[in-house]
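# I would like the atomic coordinates for the input below:
(2 chains)
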Number of protein chains: 2
Amino acid sequence: MKKSFGAKTLAYPTPAWVIGSYDKDDKPNVMTVAWGGICCSKPPAITVSLRKATYSFASLVERKAYTVNIFSGKYVAEVDYYGIASGRDHDKFDETKLTPIQSDLVDAPYVDEAELVLECKVIQMFELGLHTQFIGEILDVKADESILDETGKPSIEKLNPIIYAPGMSNYYGIGSSLGKGYSTGMMFKKDK
Amino acid sequence: MKKSFGAKTLAYPTPAWVIGSYDKDDKPNVMTVAWGGICCSKPPAITVSLRKATYSFASLVERKAYTVNIFSGKYVAEVDYYGIASGRDHDKFDETKLTPIQSDLVDAPYVDEAELVLECKVIQMFELGLHTQFIGEILDVKADESILDETGKPSIEKLNPIIYAPGMSNYYGIGSSLGKGYSTGMMFKKDK
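Predicted coordinates for the structure are as follows:
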């Protein structure tokens, strides 16, 4: 039996991604978003949605660039803070003692301490209502050596990325493995 | 020290959402997507990206509707299968013995066994390249009573939704709580 909760933004999982950008004075800034996801394979692209009222909004519009910084659970307080304070009146890098690094590829800073970083060039913007979507072409993915597995590839288990639960407004880590993609479902396949 | 992995669709977490739709013969169909996320608060909206080559693509274009079905880990084989087989030559509901239910609100079926369901009306479509984004206005969220907490609200812990890890192509459950949103980060706040 299902209970109806009405028209609301309730879906699991959502990310807790930290968006890096430069403001009009070249000051590096970060903000946390939960509204986003990968949106295209070719070109590789990711979408993040920002309200016009945010300080980062103008930075993304003007610089046509942003980074997506994905942190492990040990940085949950920093990630939460980046969604609370505004870059308009806070230097969030300084306040949390994290380190901005200028991207070689796009006009945006990434966070040195973030274990996984995507450098993105804004290729499209779509106004949806309260939020505007920024479609970012992913020019590079950089991973900290601490999250690489024995084959040298990024591992979600080693990263233990922060997951956000809207509605409940709570952060979670990653759980145990449920099985391999394109594999566990093969039990249903009866080729004709 | 960070290692560069090039331009690719690698970000964590991504969802494993099952998209429900009707085909041209009114046959209910499902497919699994990992490219998507919430994209707007007002109107409440979610985006999912499909390749034109998928069987569901024409259904979403023609019916202007879809459902997002979010399953607990116990359905990981079904969810994986929905991303392997095509509705063009498979009746995925029948093969997996799950139950399509006609939505009252949109011209699409949802999956009765899915613990969390979003009923969506397509309000915009954006071509991005290999994938097309379908922006769906969320008209209702329905939750199974099994995932409600003691206050009667949907709980991500009770649901234990399936999380997909691109690159590794593996599914995961949800992990332990890392802290409360708009709360754990307050330690950094020094009001001026």
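# quick one, helices of chain A?
A:55-63, A:76-82, A:92-96, A:156-159 (DSSP state H).
# Pull out the buried positions in the third one.
Applying a neighbour-count criterion of 16 or more other CB atoms under 10 Å in any protein chain shown, the buried positions in helix A:92-96 are A:92-93, A:96. (C-beta placed from N, C-alpha, C; glycine too.)
# Equivalent analysis for stretch A:65-80, please.
Residues of stretch A:65-80 classed as buried: A:65-73, A:75-80 (neighbour count, 16+ other CB under 10 Å).
# can you tell me which of the residues you listed lies nearest to chain B?
Nearest to chain B among the buried residues of stretch A:65-80 is A:D80, at 3.1 Å by CB to the nearest CB.
# count of neighbours near the closest residue to the closest one other than its chain neighbours?
With CB to CB, 6 or more residues apart in numbering or on different chains as the criterion, A:D80 has its nearest non-adjacent residue at 3.1 Å, and that residue is B:G185. Using other CB atoms under 10 Å in any protein chain shown, B:G185 has 23 other residues around it.
# these two touch, right, B:G185 and A:V79?
Yes. Between B:G185 and A:V79 there is a contact under CB atoms under 8 Å: 7.2 Å.
# Would you mind pulling up the elements that the top strand by length along chain A packs against?
For chain A, the longest strand by residue count, based on DSSP state E, is strand A:131-144. Helices and strands touching strand A:131-144, by 3 or more CB pairs under 8 Å, 6 or more residues apart in numbering or on different chains; DSSP states H and E, are strand A:45-51, strand A:65-70, strand A:116-127, strand B:2-4, strand B:36-40.
# And the first one, what does it pack against?
Where contact means 3+ CB pairs under 8 Å, 6+ apart, strand A:45-51 is packed against strand A:17-22, strand A:28-33, strand A:36-40, helix A:55-63, strand A:65-70, strand A:116-127, strand A:131-144, strand B:36-40.
# repeat that with 7 Å
Using 3 or more CB pairs under 7 Å, 6 or more residues apart in numbering or on different chains; DSSP states H and E as the contact criterion, the elements in contact with strand A:45-51 are strand A:28-33, strand A:36-40, helix A:55-63, strand A:116-127, strand A:131-144, strand B:36-40.
# Low-confidence stretches in chain A?
Applying pLDDT under 70 to chain A flags the ranges A:191-192.
# Ends of stretch A:29-44, what's the gap?
This stretch, stretch A:29-44, spans 24 Å end to end (CA to CA, to the nearest Å).
# Could you do stretch A:29-42 as well?
Its first and final residues considered, stretch A:29-42 spans 29 Å by CA to CA.
# so, in contact with chain B or not, it?
Yes. Using CB under 7 Å from any CB of the partner chain, stretch A:29-42 reaches chain B at A:35-42.
# Can you mark which positions in that stretch are buried?
Buried, per 16+ other CB under 10 Å, within stretch A:29-42: A:29-41.
# in stretch A:169-178, what counts as buried?
Those buried within stretch A:169-178 under the rule 16+ other CB under 10 Å are A:170-175, A:177-178.
# Tell me which two of those sit farthest apart.
Greatest spacing in those, by CB to CB: A:N170 and A:S177 (22.3 Å).
# sorry, back to before: which one of the helices and strands packed on strand A:45-51 lies closest to B:S155?
Evaluated over these, closeness to B:S155 peaks at strand B:36-40, with 17.8 Å, by CB to CB.
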